[in-house]
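Undergrad: Kindly generate the corresponding structure for this input.
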Amino acid sequence: MIITKAALPRRTVLRGFGAALALPLLDAMAPALSATVEPVRRVGFFYGPNGMFLPNFHPAGEGGTTFALTPILEPLAPFRDQLTVVSGLSNRGVVSPNEGGGVHSRAHAGWLNGVLPNKTEGADLRAGKTIDQYAADGLGAETSLRSLELTTDSNFLVGNCENGYACAYLNSTSWRDDTTPLPHERDPRVVFQRMFGDGGSVSARVADMRTDRSILDAVTSRFGEFKRLLGSSDRSRVDDYLDTIREVEQRIQRAERANAATPLPSLEQPSGVPESYDEHLKLLYDLLVLAYQADATRVSCTQIAREQSGRTYPDIGVPEGHHTISHHQMDSHNVEQYTKVNVYHLSLFARFVEKLRATPDGDGTLLDHSMLLYGCGMGDGDHHTPFNLPTVLVGGGGGRLTGNRHLHYPLHTPFMNLGLSLLEKVDVHVDTIADSTGPLADL
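TA: A predicted model of the protein is given here:
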């Protein structure tokens, strides 16, 4: 890393009318005369609905480094050196022995807090503060966004969604505290504006959304002057970063133009949401790469789809609803279709991971400095139990996470023990969460 006498501040921002563009970590931002630079660490939580077919997820054996990747994990093969599969974890605290229904709501709302939610259709929601929000307590103080919550689903569902449980329990994976589920943003344009917008009236910013004017245009006049201060490596890094921003913005604009040209069947469709689920999730992932790269946030929670999702996936040969085929009853057709959806979701996640690996960050990459937890609030969807939860960690955690491992814990080891471990790795100490008994050994 190049050390300069007058280093640029880490939070250097180029400002223009209606825009504030934070820059990625550059060599010129190295603290002057500093021998070592502690990496900025990011954490991300990614929720997949309806569980998985566990025999096609959990590796065989009792753990170690020689495990064979299962069909569902195969998309993550390129990242094996930064991959940790965890087996045996459960969220027994979200089990309600006197209830038959409501299992999806309980599994979803309790995934990152281990708490049985209050059964209600009204406003008296109660669950628990989630792991990501504990992380945000420590990592969110230095970024413009304390945390970033994303989803592919609309949040317009209200009232009773499952057996007397409010829809809020399915709409939000992240909870700020016991009574505050955080809204997850679906519209890529809104996410983009949250990251890079800076002031201006609401009407003016809406007008900007409806034109081809790039947010980069507002700060272009500053680029020439600023880039003269940089070395060739930093100039190349800034150019790549700006190209990525413009490419993502153009994809949002194309989605908006397509939606504007086609009468919508419902006013609930946000203007910047691509019609294709595939493109929608890819766009949200690409925005998250930018958010990490610009240090707009260091904590994220992404809902691949809400729990109990009945989404169909005809493009991959799955015309039946995801929830329906998750009730597989060991039928070979259902198991095949169910596994296809699981593999597809992991494939899109793997594309996101590859982009993190390809993005320089200080002396490494964004993937080197991130800890990504991908999993489900249910184990096997056919059983509807929060046991032996599908759980995989990806990333280097800034040197604090070792990959190429299958960690096999005794069945029903508290999932919240994993939460305590991850929080320790980002220097956030929490004594206990729900039924936790302490950080996981060996992680």
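
Undergrad: Who does residue 406 form a beta bridge with?
TA: residue 64, residue 85 (DSSP bridges).

Undergrad: and it, what is it in contact with?
TA: 59, 61, 63-65, 67, 84-85, 87 (C-beta atoms under 8 Å, 6 or more residues apart in numbering). No exception for glycine: its C-beta is placed from N, CA and C like everyone else's.

Undergrad: Among these, name the buried ones.
TA: 59, 63, 67, 84-85, 87 (16 or more other C-beta atoms under 10 Å).

Undergrad: could these be laid out in JSON lines, adding distance to residue 441 and pLDDT?
TA: Below are these laid out as JSON lines (distance: C-beta to C-beta, whole Å; pLDDT from 0 to 100):
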{"residue": "59", "distance to residue 441": "19", "pLDDT": "98"}
{"residue": "63", "distance to residue 441": "12", "pLDDT": "95"}
{"residue": "67", "distance to residue 441": "18", "pLDDT": "98"}
{"residue": "84", "distance to residue 441": "13", "pLDDT": "99"}
{"residue": "85", "distance to residue 441": "16", "pLDDT": "99"}
{"residue": "87", "distance to residue 441": "14", "pLDDT": "98"}
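
Undergrad: Could I get the contacting residues of the spatially most central residue of the chain?
TA: Among the residues of the chain, the one closest to the centroid is residue 302, at 3.5 Å (C-alpha atoms, centre = their mean). For residue 302, the contact set (C-beta under 8 Å, 6+ apart) comprises 44-47, 149-151, 284-285, 288.

Undergrad: Now for those, which sits with the most neighbours around it?
TA: In terms of neighbours by other C-beta atoms under 10 Å, these top out with residue 44 at 28 neighbours.

Undergrad: I'd guess that one is in a strand, am I close?
TA: Yes - counting by DSSP: H, G, I helix; E, B strand; the rest coil, residue 44 is located in a strand.

Undergrad: sorry, back to before: helix/strand/coil for the residue nearest to the centre of the chain?
TA: Of the three states, residue 302 takes strand under three-state DSSP.

Undergrad: Find the nearest non-adjacent residue to residue 321, please.
TA: With C-beta to C-beta, 6 or more residues apart in numbering as the criterion, residue 321 has its nearest non-adjacent residue at 3.7 Å, and that residue is residue 310.

Undergrad: Isn't that neighbour up against residue 325?
TA: No - counting by C-beta atoms under 8 Å, residue 310 stays clear of residue 325, with 9.9 Å between them.

Undergrad: Settle it for me: which of those two has more neighbours?
TA: Set side by side, residue 310 and residue 325 show more neighbours around residue 325, with 26 against 15, by other C-beta under 10 Å.

Undergrad: buried ones in the helix ranked longest in the chain?
TA: Across the chain, the longest stretch assigned as helix under DSSP state H is helix 232-261. Buried residues in helix 232-261, defined by neighbour count with 16+ other C-beta under 10 Å: 234, 237-238, 241-242, 244-245, 248-249, 251-253, 255-256, 259.

Undergrad: what about the stretch 151-300 of the chain, any weak spots by pLDDT?
TA: Filtered on pLDDT under 70, the stretch 151-300 of the chain yields the residue ranges 156-157, 197-225, 258-271.

Undergrad: Do a quick rundown of the helices in it.
TA: Taking DSSP state H, counting those that start in this stretch as the criterion, the stretch 151-300 of the chain carries its helices at 168-171, 188-196, 202-209, 220-227, 232-261, 277-293.
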